[in-house]
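**Student:** Predicted model and sequence below, questions to follow.
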Amino acid sequence: MDDRAERNTIRRIYRRLVPVFFAMMFLNYLDRINIGFAGLRMNQDLGFGPAAFGFGASIFFLGYMVLEVPSNLMLHWLGARVWLARILISWGAVATCTAFTSGVWSFDALRFALGVAEAGFMPGVVLYFSYWFPARYRARAIAGYIIAGALSAVLGGPISTALMTYCDGLAGLHGWQWMFIAEGVPTILLGFFALFYLTDRPNDATWLTSAERRWLQSELQAENDAIERHGRFHLIDALRDIRVWLLASLFGCALVGIYGMLMWLPQIIKSLGTRSDIEIGFLSAVPPLLGVIGTLVVSRSSDRSGDRKMHLAAVYTLGAVGMLASALVSDPLFAYLCLCLAGLGINSGNALFWSLNASFMTGVAAAASIATVNTIAQFGGLIGPWLIGRVKSETGSFSLALMIVAGFLFLAALIAAAMPVAARPRRKAAAIAPEIV
């Protein structure tokens, strides 16, 4: 197949798959982060302090970790169409039910259940894209849907705070209750759509020509053969490969900052000065918007150079510098601008992380390794929101918490720089996964 036909094939796959996964990712992050905006009103209505709210926000990740690896194995065995639809429908139902939280216990139970329902979504999507995109196209393909997470934070603030403001009291419900309902139901509907729309594997893709299917399958098989040239991978390899543990540690440290900011950014901004909920929603949109721009630029640069790890080290260093500076400056405007810099850094590396995560193994070992990395990394989600809430309760300010989070981001950058992977050669024929050096 010539270059033009190859580009047309990839473009057709991209247009078929990326938009629907963009919608999934948008709702996925919206149902995760809307708790941060709900906290502007819900905490007062239900009597939650910072520690109680931070614990409830964090316990989601414990539920998420419980079924992460089993969920990805089920996707590998049953197919993405059925399993991703199941994930969407169940998480949408739990997210909607969060509207009826009545106290600490129900809040914690629903947040834990949301994590269980959603377990396996992100690694499942990454595994699915490894079935459809050769490695040299993968970072940009993943970036095409993963920016929806940042866009969800951009639009989620204005949408969530508008629902909270203008629906407050409707049918006797608080505005934050209507927010959970309005943002949970679309996920259920998208789950049913995915059940009929997705195609499990390229050989089932009637929307590709036979020549396009043959080329894609031969490309992906050649990459798998290159990865397996020293032997086939088995399930246990997902646990004994040092790259899995290093990548999990790297992303776990990054998630301390990513989810710490996602869950607490509205309240951090509120602490900088008196603002209405809607103003806070718009101000909260800027850091993730910069992350969208950074993701597109960095992922394209990474695909062109073949390097993943040094790009990751650079963006996490930038995030750490911004986070640390926001804690040290006293002027509210400068503190906010530093938060924007932190948002640019920490939100620009996700596509690179997932591309690297999908490049180590093949088959069932790939399913397990992708999920194992994400499972271990969720300690960052457990620590980040809880840590910020705990330190805020003890000190009365966010400054020390932000400094600690900056330390985790610096550590993520160091681990990224030390990862034992080599850059993929730029020549087309050698477009294979990174390997141990």
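**Tutor:** Happy to help now that I have it. Numbers count the residues shown, from 1 in each chain.
**Student:** rest of the way, CA atoms for contacts and neighbours
**Tutor:** Will do.
**Student:** Could you verify my assumption that residue 143 touches residue 297?
**Tutor:** No - the pair residue 143 / residue 297 is not scored as a contact, 9.7 Å apart, by Cα atoms under 8 Å.
**Student:** Looking only at neighbour counts, state which of those two leads.
**Tutor:** More crowded of residue 143 and residue 297, by other Cα atoms under 10 Å: residue 143, with 26 against 14.
**Student:** Next, the more buried one: phi, psi?
**Tutor:** Backbone torsions of residue 143, given as degrees, to the nearest 10, read phi -60, psi -30.
**Student:** And the pLDDT for it?
**Tutor:** Model confidence at residue 143, given as pLDDT, is 80.
**Student:** How about residue 184?
**Tutor:** Reported pLDDT for residue 184: 92.
**Student:** Please shift the residue numbers so they start at 413 in all later answers.
**Tutor:** Okay, residue one is now 413; in that scheme the one you just asked about reads as residue 596.
**Student:** neighbouring contacts of whichever helix or strand it is part of?
**Tutor:** Taking DSSP states H and E as the definition, one finds residue 596 inside helix 587-609. Outside helix 587-609, the residues within contact range by Cα atoms under 8 Å, 6 or more residues apart in numbering are 432, 436, 439-440, 442-443, 446, 450, 453-454, 493-494, 496-512, 572, 575-581.
**Student:** Now, of the residues you listed, which are buried?
**Tutor:** 432, 436, 439-440, 442-443, 446, 450, 453-454, 493-494, 496-511, 572, 575-577, 579-580 (16 or more other Cα atoms under 10 Å).
**Student:** helix or strand right after the helix holding residue 596?
**Tutor:** Going down the chain from helix 587-609, the next helix or strand is helix 622-639, by DSSP H and E.
**Student:** Only alpha carbons, please: show that next one as PDB.
**Tutor:** Output in PDB follows, covering the C-alpha atoms of helix 622-639 (Å, rounded to 0.1, in the frame of the first residue of the first chain):
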ATOM      1  CA  SER A 622     -10.600  -5.600   2.100                       C
ATOM      2  CA  ALA A 623      -7.200  -4.100   1.000                       C
ATOM      3  CA  GLU A 624      -7.300  -1.700   4.000                       C
ATOM      4  CA  ARG A 625      -8.100  -4.500   6.400                       C
ATOM      5  CA  ARG A 626      -5.300  -6.600   5.000                       C
ATOM      6  CA  TRP A 627      -2.800  -3.800   5.300                       C
ATOM      7  CA  LEU A 628      -3.800  -2.900   8.800                       C
ATOM      8  CA  GLN A 629      -3.700  -6.500  10.100                       C
ATOM      9  CA  SER A 630      -0.300  -7.000   8.500                       C
ATOM     10  CA  GLU A 631       1.100  -3.800  10.000                       C
ATOM     11  CA  LEU A 632      -0.100  -4.700  13.500                       C
ATOM     12  CA  GLN A 633       1.100  -8.300  13.200                       C
ATOM     13  CA  ALA A 634       4.500  -7.100  12.200                       C
ATOM     14  CA  GLU A 635       4.700  -4.900  15.300                       C
ATOM     15  CA  ASN A 636       3.600  -7.700  17.500                       C
ATOM     16  CA  ASP A 637       6.200 -10.000  15.900                       C
ATOM     17  CA  ALA A 638       8.900  -7.400  16.600                       C
ATOM     18  CA  ILE A 639       7.800  -7.100  20.200                       C
END
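**Student:** That one: how far from the chain's middle?
**Tutor:** Offset of helix 622-639 from its chain centre (Cα atoms, centre = their mean, to the nearest Å): 28 Å.
**Student:** rewinding a little: in strands, which of the buried ones among the contacts of helix 587-609 fall?
**Tutor:** Using DSSP state E, no member of the buried ones among the contacts of helix 587-609 sits in strands.
**Student:** Same question for the helix or strand hosting residue 704: list its buried residues.
**Tutor:** According to DSSP H and E, residue 704 maps onto helix 698-717. Under the neighbour-count criterion of 16+ other Cα under 10 Å, helix 698-717 has 698-704, 706-708, 710-716 buried.
**Student:** which residues are contacting the following helix or strand past that helix?
**Tutor:** Reading on from helix 698-717 to the C-terminus, the next helix or strand found by DSSP H and E is helix 721-740. Helix 721-740 is contacted by residues 666, 710, 714, 746-758, 760-761, 764-765, 810-812, 814-815, 817-822, 824-829, 831, 833 when judged by Cα under 8 Å, 6+ apart.
**Student:** taking these one by one, which sit in helices?
**Tutor:** Cross-referencing the contacts of helix 721-740 against helices under DSSP state H gives 666, 710, 714, 746-758, 764-765, 811-812, 814-815, 817-822, 824-829.
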